[in-house]
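> After the sequence you'll find the predicted model.
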Amino acid sequence: MDILTNPHRGVGLPALWNGPPVLPGTDVGDVSALLARCPAHAPTPLVPADALAAGVGVGALALKDERARMGLGSFKALGAAHVIACDAQDGPLDGRTYVTASAGNHGLSVAAGARVFGARAVIYLARTVPEAFADRLRAQGAEVVRAGATYEESMAAAAAAAAAQDDRTLLSDSSWHGYTEIPHRLMQGYLQMAAEISGAMDRPPSHVFLQAGVGGMAASVAAWLRRIWGDAPCIVVVEPQAAPALIEGIRAGRVVTAGDGVSAMGRLDCKQASLIALAGLARDADLFMTISEDQAADAVDRMAALDLPTTPSGAAGVAGLLAGRDVPGLGPDARVLCILSEGVEQT
């Protein structure tokens, strides 16, 4: 396990930008109204986990349970659905095609959103993504294309395919220089989850553990919690040891490619951070940590024992708590928030 105190906390990394910075938004605005246009939209529960809290030695633990979000099994349902719903305000989407790369859940959101609003979806998957996810995408009406051995390679293929045809829109959940508008709007969709969390808690948690791949969800939630609760929570970002893109980006002060091998935390197995997410978390997160495959597997077992089955990716925030003996302030007075970001894979 690696743990890093964020040296940029409160200031961020303005040098990331050649012009005005693009940071995670905190305006919920009409997000809820737009998402309500998706028939399956409904708030997800905040679940107390008293037994696990006692076992870890903290005073309280709340789990935001995203395993049934919009019938797609992941918080990712909020992001692309919000983008496509925004586009649909301008008129019918017949003939519009959304293209993206995905490790599974983002692709499901793109596919389902496109289907609901009458558009097409083409999802590029790396060869390491399980075929079960490809089948779920096809069940939502998406065309699936296999490209590359990693998420980054499949994203490059998706971006090239979108650029080659005028009627295709790249809808990525990551961001980079020259591509920020759509992912910024996508991250706004995640504010729905963050607002549900703050609305369900009568006081701030002392610690929040947020798992991250490219970092979009973690950055959006962190930005919202800072807006609502200020400096009160200690925000800890958790990544796989095999894909430490954010922690190494914080060390380097820029977006880097980091990690090797394949992690069982498949939806977090991203070797390069989103530019907007890195900028936001540099400002808002207190600590960055990595967890091992065994630590993630242990967290999955702990969740199963609580009848909350999830995946290594979904339980990674909990794994950070379980491994967080060096996180300041964890103890009997700590009130912890974690997110179960996805349900078990469906076959």
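Nice, thanks for sending it over. Numbers count the residues shown, from 1 in each chain.

> In this structure, where is pLDDT below threshold?
Residues of the chain that meet the criterion pLDDT under 70 lie in 104, 346-347.

> Got the domain ranges for it?
Residue ranges for the domains of the chain, per automatic domain parsing: 3-74+196-340, 77-172.

> Switch those domains over to JSON lines; also include mean neighbour count and distance to Gln188.
Heads up, the C-betas are built off the backbone N, CA and C, glycines and all. Shown next, in JSON lines, are the domains of the chain (neighbours: other C-beta atoms under 10 Å; distance: least, C-beta to C-beta, whole Å):
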{"stretch": "domain 3-74+196-340", "mean neighbour count": "20", "distance to Gln188": "5"}
{"stretch": "domain 77-172", "mean neighbour count": "20", "distance to Gln188": "6"}
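
> just so I know, which of those domains lies nearest Thr180?
Closest approach to Thr180 among those is made by domain 3-74+196-340 (4.5 Å; C-beta to C-beta).

> Could you work out the end-to-end span of that closest one for me?
The first residue of domain 3-74+196-340 is 21 Å away from its last residue (C-alpha to C-alpha, to the nearest Å).

> ok, now stretch 126-145?
9 Å.

> And the residue nearest the centre of the chain?
Residue closest to the average C-alpha location in the chain (C-alpha atoms, centre = their mean): Met217, at 3.4 Å.

> before we move on, the earlier item: for my notes, please list the domains of the chain in JSON lines and give distance to Met187 for each entry.
Below are the domains of the chain laid out as JSON lines (distance: least, C-beta to C-beta, whole Å):
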{"stretch": "domain 3-74+196-340", "distance to Met187": "5"}
{"stretch": "domain 77-172", "distance to Met187": "7"}
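
> where do the strands sit along the stretch 51-200 of the chain?
Along the stretch 51-200 of the chain, counting by DSSP state E, counting those that start in this stretch, strands occupy 60-65, 97-101, 120-125, 143-146, 168-170.

> Distance to Asp333 added to the ones you listed, as TSV?
Putting the strands of the stretch 51-200 of the chain into TSV (distance: least, C-beta to C-beta, whole Å) gives the following:
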stretch	distance to Asp333
strand 60-65	10
strand 97-101	43
strand 120-125	45
strand 143-146	49
strand 168-170	46
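
> Nearest to Gly230 among those strands would be which one?
For the strands of the stretch 51-200 of the chain, proximity to Gly230 was assessed by C-beta to C-beta; strand 60-65 is nearest, at 19.0 Å.

> Nearest residue to Ala277 in space, please, no chain neighbours.
Computed as C-beta to C-beta, 6 or more residues apart in numbering, the closest residue to Ala277 that is not its neighbour in sequence is Gly215, at 3.0 Å.
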